[in-house]
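Visitor: have a look; sequence and predicted model below, questions after that.
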Amino acid sequence: MSGPRRSLILVRHSLPEMVTGVPASEWHLSAEGRRRCAVLAGRLAAYELAAVVSSEEPKAVETGQIVAETLGLPFEMALGLHEHERGVVSDLGSREEWEAQVARFFEHPDQLAFGHETADQAHTRFARAVASVIQWLPAGNAAIVSHGTVMTLFISRTARLDPMPFWQGLGLPSFAVLSLPDLGLLELVASMEFAIESPISRV
């Protein structure tokens with residue numbers, strides 16, 4: 001007889017304070033980003049989480065800590081859940097130029113488009129880290145707070161989706177609900193209304 005159905009919720013961190021010349025991996029949440037975490041926690045409460053786990057990047061840690069504290073849940077950090085290793089990207093120019101870089105990253109996953117990891121390398125590292133979290137938490141639902149590009153790599157490959165539009169649609173924060181153990185995509189909440197804390201429309 002099978003046990004209760006379990007879910008994995010992959011969360012993109014909340015809105016950071018962007019600092020020119022500083023790697024995004026070192027950014028912290030903005031005041032608005034911290035406020036949005038309360039709305040995020042309200043949405044995640046429905047999933048009866050057993051724990052919240054985050055990457056070691058400050059903006060993900062802060063998102064996870066606020067959600068965990070709000071919901072009265074244990075919080076942990078885990079290796080390997082960080083964003084694509086890219087260093088400082090503030091010199092890429094316009095939004096269009098940045099998106100062109102990301103598009104090449106997705107389109108040529110075995111080539112080093114920018115940064116220090118190919119898409120394949122980032123996916124392999126992130127997928128192993130996710131598997132470790134699932135093994136560490138053998139019962140109950142878990143939320144993993146991570147980052148837009150590695151989330152996109154992971155979900156687009158398991159759900160067979162076009163990665164670029166998926167990445168473009170992810171808000172700060174946003175989340176996807178995956179079934180366990182098959183990692184099927186059950187729900188995507190790509191954007192939220194942060195001006196109010198009443199019921200939020202699903203995207």
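Guide: Perfect, thanks for sending it.
Visitor: could you look up the SS state of residue 124?
Guide: Judged by DSSP: H, G, I helix; E, B strand; the rest coil, the three-state class of residue 124 is helix.
Visitor: OK, contacts around it?
Guide: Residue 124 makes no contacts at all, as judged by C-beta atoms under 8 Å, 6 or more residues apart in numbering. To be clear about C-beta, it is placed using only N, CA and C from the backbone, and glycine gets the same treatment.
Visitor: gap between it and residue 171?
Guide: 26 Å (C-beta to C-beta, to the nearest Å).
Visitor: for the helix or strand bottoming out on mean pLDDT in the chain, packing partners?
Guide: When each helix and strand of the chain is scored by mean pLDDT, DSSP states H and E, helix 95-107 comes last, with a mean of 93. Secondary-structure packing of helix 95-107 (3 or more C-beta pairs under 8 Å, 6 or more residues apart in numbering; DSSP states H and E): helix 148-159, helix 163-169.
Visitor: tell me which of those helices is the most buried.
Guide: Neighbour counts (mean count of other C-beta atoms under 10 Å) averaged over each of the helices and strands packed on helix 95-107 peak at helix 148-159, with a mean of 22.
Visitor: just want the angle from that one to helix 95-107.
Guide: Counting by axes from the mean of the first three to the mean of the last three C-alpha atoms, to 10 degrees, helix 148-159 lies at 40 degrees to helix 95-107.
Visitor: can you give the contact residues for helix 148-159?
Guide: Outside of helix 148-159, the residues within contact range by C-beta under 8 Å, 6+ apart are 10, 12, 81-84, 102, 105-106, 119, 122-123, 126-127, 130, 161-163, 166-167, 170, 176, 178, 183-185.
Visitor: the same query, at a cut-off of 6 Å, please.
Guide: Contact with helix 148-159 is made by 10, 12, 83-84, 119, 122-123, 126, 163, 166-167, 170, 176, 183, 185, as judged by C-beta atoms under 6 Å, 6 or more residues apart in numbering.
Visitor: alpha carbons of that helix, as PDB, please.
Guide: Below are the C-alpha coordinates for helix 148-159, written out as PDB (Å, rounded to 0.1, in the frame of the first residue of the first chain):
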ATOM      1  CA  GLY A 148      15.300  31.300 -11.500                       C
ATOM      2  CA  THR A 149      17.800  29.800 -14.000                       C
ATOM      3  CA  VAL A 150      18.500  26.500 -12.200                       C
ATOM      4  CA  MET A 151      14.800  26.100 -11.400                       C
ATOM      5  CA  THR A 152      14.000  26.600 -15.100                       C
ATOM      6  CA  LEU A 153      16.700  24.000 -16.100                       C
ATOM      7  CA  PHE A 154      15.300  21.500 -13.700                       C
ATOM      8  CA  ILE A 155      11.600  22.000 -14.400                       C
ATOM      9  CA  SER A 156      11.800  22.400 -18.100                       C
ATOM     10  CA  ARG A 157      13.600  19.100 -18.500                       C
ATOM     11  CA  THR A 158      11.400  17.100 -16.200                       C
ATOM     12  CA  ALA A 159       8.200  18.600 -17.700                       C
END
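Visitor: what mean pLDDT does that helix get?
Guide: The average of the pLDDT scores along helix 148-159 is 97.
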